[in-house]
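Chemist: Mind looking at a prediction? Sequence and model below.
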Amino acid sequence: MEVWNQVSMVMMLFAYWFGALGSEAFRFYKWLDNPDHVDVRIMKFDCFIITVVIYASFLLVECLSMLMQIYGRWHRKTTLENDLQKSNMRFYHQYANLFSASTFWWLHWLLSLGYKRPLQMSDLGCLPKRHSSKQNRAIFSRVLKEEKMKSIEKGKDLGLYTVYRRVHGKMHLLTFFIKIVADCLSFVGPVAVGRIVQYVTHHYYGTVSDWDEMSDYVTVSEFFHNGFALVIVMFLCSSIRGLFLQNHHQIVSIEGIHLSAEIQSAVYEKSLHLSSWSMNGGPMTIGEITNHISTDARHLINLSNYIHYVWSMPFQIAVIMWLLYHYLGASALVGATMYLIGTPIQFMLAGMQAKVQKSALEVSDDRLKRTHELLLGMKLIKLCGWEEVFFKAISTVRKSEIARLTKGALIQAAMFFMINATPVFVTLVSFTLYSKWSNKPLTPDIAFSSLALVNQLAPAVLLIPMVTMHVVLAHISTKRLQKFFMADELESNSRKMKEEEKDARCDPVNGQLPDVDVKPQKQKETTHFSRLNDDDEISEVKEDQSVKGKEYMQLKQITAGDDDAVSHLPGLPDSVALKIQEASFVWDPEQKDAILSNINIEIPKGQLTMIIGPVGAGKSSILSAILCEMTKLQGKVQWNSFVFQNDFLSSILSTEIMATKCLTKR
């Protein structure tokens, strides 16, 4: 049933497990006839109980499978999953049975194919829906939007850790139980090694062991004193531990990849909604966004891979130190002081490395920003011959970044030296003091068990600074992402955040966006703009610059009392492309004084419109306000439709400014 996935096998398996349970129960009943055999210290009695429980569990599983696969078909028609209906879907991990999924047996076809010939991308097929970036982005975006609304309502900062928990918490809870079972099985090996050495020593020297002679049958104590049985136990525990660890690493790796894809998609989607002020004059830069997609996403992958070591390492260290104290006594505690001395130093080095990494990220943001400006203004740089200037400017930033990365590498080398040297000093001190303090010889069983425990302690201590570094870097990246996700967006420029998260959609009838009314504030002066008449004079434009054969519309400043200048239509007719009433705008959302105050504009549809004026009059600001690139303090903005185009001059201007700075320094 599990391998062939055939419903007809359910009854056969049900009969098999029912017969196995019945025969084992009958044997157990006969065993209970002798009262002397009813003792948990007898190995066979315990095996009877374990076997009956396992058979009963398998029988219960087959009963549930029979109810679902056979009788359930009478009430509903079963169909294949959408993923399984795809002809090129070969990733069956989530649809395989428990044994095949846990041992990765479903993957043997790919390994066999790779043994015969080199694998190609077409051999892998497509991924299931749950692993697609679209599916993960939708889930992450929904939870992120809900948490943003909660943070705004409560007046608190966005908590990305809550988003992580809600999206990936269930799978990480499963890996928690898998990891704790694997950690408990890791202690079986060192303890069994001592018992095996003790068993070999007794047989070699012919000494008599203290066997339990209470019964004719093998007792639990006799079984776990037998060296051959302990070898089998070690093999089984090691195999099961490796199986659990492999599943743990597979789950956390997939969750880390999902989280990285979610962050990258969310950052890309957020960057499409950022205002021009946030991208150019605000705190956001192209280099910072690039680092969010690359560096910060990689830090979150590492967080997913190492998050369970935060509790696993202290647990392992505590149990290992208790076992060392059991074998070596107080000398093990003295040896452990080497860890107490070295751990604070390692934490200090990890903190220094985190600070160096943070400063390296800031320099990397600057370098990527300069490189982006270089690529955008390449034609202008070639035309003006500024290659050497830009090369020196970017090289200077790159040298600063390399210096910080080199410092971080030296700190990491010092950390690894302390990690590898500490276990050696612990073993040396513990073994030296054991014979003096306990007045007992250091026997082979104690020595081998202690060495195994110390060797097992070394990786746990090795991971302390590494995990600390990854957690600190992930925390820094999370704080950076929180700030980025709460940046001002285009959608929030025309509506307040609390009122605008209600899904403002276009009217399907007239294609208009819903009107948003904001209570206007009292202003001293009101400025309106209207179409220029033929007899109006324009001092900024000469007559020979006019273009014949085309009708241009220009705006002039008029008084607030001119009723013909402002349209008072209750709605926005089809003949009007844009209408702004009593609106005030600012660039910085935190700024209170308006850059453009009491703007009233009505632009007709189907005509070419121009806005002219002297330098600094606010022409570009008005266009940015129309495109929601500025934050609106008050007023009303209505439009039928518009097509946004990035200003190609901004890259050229930024390149010229950067070149001017470089030339000035030179």
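Modeler: Sure thing, it's come through.

Chemist: Tell me where the stretch 401-550 of the chain is predicted with low confidence.
Modeler: 490-550 (pLDDT under 70).

Chemist: Same check on the chain?
Modeler: Along the chain, the parts satisfying pLDDT under 70 run over 1-9, 69-81, 206-216, 275-284, 490-571, 589-590, 641-666.

Chemist: longest helix anywhere in it?
Modeler: For the chain, the longest helix by residue count, based on DSSP state H, is helix 387-438.

Chemist: Show me what it is packed against.
Modeler: Contact here means 3 or more C-beta pairs under 8 Å, 6 or more residues apart in numbering; DSSP states H and E; on that basis helix 387-438 packs against helix 309-328, helix 330-376, helix 444-485, helix 649-665. Heads up, the C-betas are built off the backbone N, CA and C, glycines and all.

Chemist: Find the one among these with the highest mean neighbour count.
Modeler: helix 444-485 (a mean of 20; mean count of other C-beta atoms under 10 Å).

Chemist: how close does the residue nearest to Pro190 when sequence neighbours are not counted get to Pro465?
Modeler: Distance criterion C-beta to C-beta, 6 or more residues apart in numbering; nearest residue to Pro190, sequence neighbours excluded, is Ala452 at 3.7 Å. Between Ala452 and Pro465 the distance is 24 Å, computed by C-beta to C-beta, to the nearest Å.

Chemist: and the residue nearest to Ala182 when sequence neighbours are not counted, what helix or strand is that in?
Modeler: Excluding its sequence neighbours, the residue lying closest to Ala182 (C-beta to C-beta, 6+ apart) is Phe244, at 4.0 Å. Per DSSP states H and E, Phe244 falls inside helix 227-273.

Chemist: got the angle for that helix vs helix 309-328?
Modeler: 160 degrees (axes from the mean of the first three to the mean of the last three C-alpha atoms, to 10 degrees).

Chemist: Helix 227-273: how far from the chain's middle?
Modeler: Distance, stretch centre to chain centre, for helix 227-273: 14 Å (C-alpha atoms, centre = their mean, to the nearest Å).

Chemist: Asp588: what secondary structure?
Modeler: Classification of Asp588 using DSSP: H, G, I helix; E, B strand; the rest coil returns coil.

Chemist: That one: how many residues sit nearby?
Modeler: Applying other C-beta atoms under 10 Å, we find 15 residues neighbouring Asp588.

Chemist: how near is it to Met630?
Modeler: 10 Å.

Chemist: Same check on Ser364?
Modeler: Ser364 is 30 Å from Met630, by C-beta to C-beta.

Chemist: now Pro459
Modeler: Counting by C-beta to C-beta, the gap between Pro459 and Met630 amounts to 56 Å.

Chemist: so where does Glu602 fall, helix or strand?
Modeler: Assigned by DSSP H and E, Glu602 belongs to strand 596-604.

Chemist: Could you name the helices and strands sitting against that strand?
Modeler: strand 528-531, strand 576-586, helix 619-626.

Chemist: okay, the ones you listed, which one's buried deepest?
Modeler: Greatest burial across the helices and strands packed on strand 596-604, using mean count of other C-beta under 10 Å, falls to strand 576-586, with a mean of 21.

Chemist: Return the distance of that one from the chain's centre.
Modeler: Once both centres are worked out by C-alpha atoms, centre = their mean, strand 576-586 turns out to sit 41 Å from its chain's centre.

Chemist: What is it packed up against?
Modeler: Strand 576-586 sits against strand 596-604, helix 619-626, strand 631-639, with contacts defined as 3+ C-beta pairs under 8 Å, 6+ apart.

Chemist: strand partners of that strand, parallel vs antiparallel please.
Modeler: Using DSSP bridges, strand 576-586 pairs in its sheet with strand 596-604 (antiparallel), strand 631-639 (antiparallel).

Chemist: and that strand with helix 619-626, angle?
Modeler: Using the same axes, to 10 degrees, the inter-axis angle of strand 576-586 relative to helix 619-626 is 110 degrees.

Chemist: hang on, Pro614 is in a helix, isn't it?
Modeler: No - judged by three-state DSSP, Pro614 forms no part of a helix; its state is coil.

Chemist: Could you report the neighbour count for it?
Modeler: Pro614 has 9 neighbouring residues, counting by other C-beta under 10 Å.

Chemist: ok, so what distance separates it from Arg41?
Modeler: According to C-beta to C-beta, Pro614 stands 101 Å off from Arg41.

Chemist: Could you do Val363 as well?
Modeler: Val363 is 68 Å from Arg41, where distance means C-beta to C-beta.

Chemist: So which residue is dead centre in this structure?
Modeler: Nearest to the mean C-alpha position of the chain, by C-alpha atoms, centre = their mean, lies Leu259 at 3.3 Å.

Chemist: show me the contacts for that residue.
Modeler: Counting by C-beta atoms under 8 Å, 6 or more residues apart in numbering, Leu259 touches Tyr164, Val167, His168, Ala297, Leu300, Ile301, Ser304.

Chemist: Please apply the same query to Val40.
Modeler: Contacts here follow C-beta under 8 Å, 6+ apart; on that basis Val40 touches Asp46, Val220.

Chemist: so where does it fall, helix or strand?
Modeler: Assignment of secondary structure by DSSP H and E places Val40 within no helix or strand.

Chemist: I'd like the distance between it and Phe48.
Modeler: 11 Å.

Chemist: next one: Thr406
Modeler: In terms of C-beta to C-beta, Thr406 sits 66 Å off from Phe48.

Chemist: Between those two, which has more neighbouring residues?
Modeler: Between Thr406 and Phe48, counting by other C-beta under 10 Å, Phe48 is the more crowded of the two (19 against 12).

Chemist: Tell me the buried residues in stretch 289-308?
Modeler: 289-293, 295-308 (16 or more other C-beta atoms under 10 Å).

Chemist: What of stretch 156-169?
Modeler: Using 16+ other C-beta under 10 Å as the test for burial, stretch 156-169 gives Leu158, Leu160, Thr162, Val163, Tyr164, Arg166, Val167, His168.
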